[in-house]
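Q: Kindly return the folded structure for what I paste below:
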Amino acid sequence: MKGKVKIGLVCLLRKTFDYESAWKEFKSKEAELKKIENVDWVIIDEPVIEVEEAKKAADKLSSELVDGVIITSGTFHLGHLALIIEEKLKKPVHLWGLPEAPYDGGKIRYNSACGVHLNKSNLFKAGVKFVHHVVAPLPDVNWIDALRMVKAMEIAKIALVGSRAQGFFNLAFDELTSFKSIGAMLEYYQIADMYNQEVSDEEAKKYLDEIKGFFNCDDVNEEQIKRVAKLCVSIKKFVDSNHIDALAVRCWPEYAQSYGIAPCAAMSIIAKEKYLLACEGDAMLALSMLACKALDIETPYSADFSQVDFEEDTALLWHCGVAPCNLTNKKCTPTLDTYFAGGKGVTTGFVLKEGDFNIVRIDSALGKTRIFAEKGKAVYMDKLLKGTYAKGKFDKGVKAVYDTLLDNGFAHHVVMVYGDYIEKFRLLCKIKGWEWIEA
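A: Coordinates of the predicted model:
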């Protein structure tokens, strides 16, 4: 289910136009809008024509604590109205203009597109630069979805277990800048907190049976499998009891030394249950995953942009073995492997399914928050190496994508998600006033 959001809706009119028809058309849209998943609508039930009516509407929306507002230009209208509403709310604004009514031999009936123009110009010159607009039968659902991401990040609790991985300075989380820009709070925990939850044999058995039924376990011993199963339960209890929305963990080198195995395989298994778990202490990656979850995107995968082949025009979206195990292509045999950490690095191994995908990262550098996003397609490949991975071909070519990532200093992890959500992330960037970067 997509993240819940509360949206105000108001219609601006002027009696010198065909305001009665415009109001009737506006009201006819309510049933369609109420079908949009997980939106609480606060609809102003009277047209807003005069300044006092705008003030009353703004007070109502403010008292309801809306997350954003859709200001509808039913017809052309006074320029004061949108300014009054925005000034009171200080929330993201979507300007929506009703399509022009058919001509009936007289003057233009709505002039709503000009009303949108008036509002956009007034707001821009008043310093409200990040306003979205459409003239269409309905508001833009991409804006609504972007607002879901804003809300999810503002109320999020991000856990950092341990710290970032050794030497990965580019994963550092600027807490106060990020709090001001994003709203998310970072909470710190010890590595042992993640694996020391009380787990009964009965609780672990569920995952023990699942692991043996899903993976080829020839490369691991029974004790390692039991530790993976127990850790699955322990991580879930840790996350649930601490009300954590997304988690980043320092998964090496201390984890395997203290617990006996690395957490990779357990993270892969419970990620299919929509737990958000980022590798190597990458808190911004966890935040990027959280934004994806607000859109009800299928299990995000944290990956390195690896094995770039400029002649073949592909890259491997690879990581050690932590991809959600529901993403397997179902053509290879998934395995549990111990190819690092002196045989303690228990990971999953499989090729990810084919299909269209986006790679996305919310990142910060030099005091700025920005988003990188690109489109690609995962193509078939044989299971040729350890870890979890997809071979990706990019719409703009692998060199352009790789160079853009590097030239702009983005950290070396991206979130891979199946489907196309570029416009939603672009609007998130617009709402927040962040920098948008693509090849």
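
Q: Pull the number of nearby residues for L336.
A: Neighbourhood size, L336 [other CB atoms under 10 Å]: 26. For every residue, glycine as well, the C-beta is placed using N, CA and C.

Q: chain center to the helix or strand harbouring it: distance?
A: For L336, the element it lies in under DSSP states H and E is strand 335-338. Distance of strand 335-338 from the chain centroid (CA atoms, centre = their mean, to the nearest Å) equals 30 Å.

Q: Not counting sequence-adjacent ones, nearest residue to Y275?
A: Distance criterion CB to CB, 6 or more residues apart in numbering; nearest residue to Y275, sequence neighbours excluded, is V239 at 6.1 Å.

Q: Quick one: list the elements packing against the helix or strand where the one you found lies.
A: Using DSSP H and E, V239 sits in helix 222-241. The contact analysis (3 or more CB pairs under 8 Å, 6 or more residues apart in numbering; DSSP states H and E) places helix 222-241 against helix 191-195, helix 201-214, helix 264-271, strand 335-338, strand 346-351.

Q: change it to 7 Å
A: Using 3 or more CB pairs under 7 Å, 6 or more residues apart in numbering; DSSP states H and E, the elements in contact with helix 222-241 are helix 191-195, helix 201-214, helix 264-271.

Q: Tell me the helix or strand right after it.
A: Downstream of helix 222-241, the first helix or strand assigned by DSSP H and E is strand 246-249.

Q: That next one pairs with which strands, parallel or anti?
A: The strands beside strand 246-249 in its sheet (DSSP bridges) come out as strand 157-161 (parallel), strand 277-278 (parallel).

Q: Please identify the deepest-packed of those.
A: Across these, the average number of neighbours (mean count of other CB atoms under 10 Å) peaks for strand 277-278, which reaches a mean of 30.

Q: Can you name the element that comes right after it?
A: Per DSSP H and E, the first helix or strand lying C-terminal to strand 277-278 is helix 283-294.

Q: Give me the average confidence score over that following helix.
A: Helix 283-294 carries an average pLDDT of 97.

Q: May I see the strands paired with strand 246-249 arranged in TSV, with distance to A246 as well?
A: Output for those, formatted as TSV (distance: least, CB to CB, whole Å):
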stretch	distance to A246
strand 157-161	5
strand 277-278	7
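
Q: Figure out how far the worst-scoring helix or strand of the chain on mean pLDDT is from the centre of its chain.
A: When the helices and strands of the chain are scored by mean pLDDT, DSSP states H and E, helix 175-181 comes last with a mean of 82. Chain-centre distance of helix 175-181: 18 Å, with CA atoms, centre = their mean.

Q: What residues of it count as buried?
A: Of the residues in helix 175-181, 178, 181 count as buried by neighbour count, 16 or more other CB atoms under 10 Å.

Q: Can you show me the CA trace of that helix as PDB?
A: Output in PDB follows, covering the C-alpha atoms of helix 175-181 (Å, rounded to 0.1, in the frame of the first residue of the first chain):
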ATOM      1  CA  GLU A 175      22.500  14.800  10.300                       C
ATOM      2  CA  LEU A 176      21.600  18.500  10.800                       C
ATOM      3  CA  THR A 177      21.700  19.400   7.100                       C
ATOM      4  CA  SER A 178      19.600  16.400   6.300                       C
ATOM      5  CA  PHE A 179      17.200  17.100   9.100                       C
ATOM      6  CA  LYS A 180      16.700  20.600   7.800                       C
ATOM      7  CA  SER A 181      16.400  19.500   4.200                       C
END
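
Q: For the residue nearest to the spatial centre of the chain, give me its contacts.
A: By CA atoms, centre = their mean, the chain has its centre lying nearest to A291, at 2.0 Å. Applying CB atoms under 7 Å, 6 or more residues apart in numbering to A291 gives the contacts 149, 152-153, 362, 428.

Q: of all these, which comes closest to L405?
A: Closest to L405 out of these is I362 (13.6 Å), distances taken as CB to CB.

Q: Please tell me how far the closest one sits from I422.
A: Remark: distance between I362 and I422 (CB to CB, to the nearest Å) = 14 Å.

Q: I figured G183 was touching A152, is that so?
A: No: the pair G183 / A152 is not scored as a contact, 9.7 Å apart, by CB atoms under 7 Å.

Q: Please identify which of those two sits among more neighbours.
A: Legend: neighbour count by other CB under 10 Å for G183 and A152, higher for A152 (24 against 15).

Q: Now for the more buried one: which residues touch it?
A: 3, 290-291, 293-294.

Q: Provide the backbone phi and psi angles at it.
A: Per-residue torsions, A152: phi -60, psi -40 (degrees, to the nearest 10).

Q: quick revisit: look at the residue nearest to Y275 and report its pLDDT.
A: pLDDT, V239: 98.

Q: From T72, how far off is the residue nearest to D363 when sequence neighbours are not counted?
A: Of all residues not flanking D363 in the chain, F410 sits nearest, at 5.2 Å (CB to CB, 6+ apart). Distance, F410 to T72, by CB to CB: 38 Å.

Q: same check, this time on P47
A: As for P47, its distance to T72 is 10 Å (criterion: CB to CB).

Q: Those two: who's more crowded?
A: T72 (27 against 24).

Q: The more buried one - that's part of a strand, no?
A: Yes: counting by DSSP: H, G, I helix; E, B strand; the rest coil, T72 is located in a strand.

Q: residue contacts, it?
A: 9-12, 26, 96, 98.

Q: same deal with E100?
A: Taking CB under 7 Å, 6+ apart, one finds 109-110, 112-113 in contact with E100.

Q: so it is in which element?
A: For E100, there is no enclosing helix or strand under DSSP H and E.

Q: pLDDT score assigned to it?
A: The model's pLDDT for E100 equals 97.

Q: Report the separation between it and L78.
A: E100 is 19 Å from L78, where distance means CB to CB.

Q: can you check W318 too?
A: W318 sits 57 Å away from L78, going by CB to CB.

Q: ditto for C264
A: Distance of C264 to L78, computed by CB to CB: 60 Å.

Q: per-domain residue ranges of the chain.
A: What automatic domain parsing lists as the domains of the chain is 5-139, 152-437.
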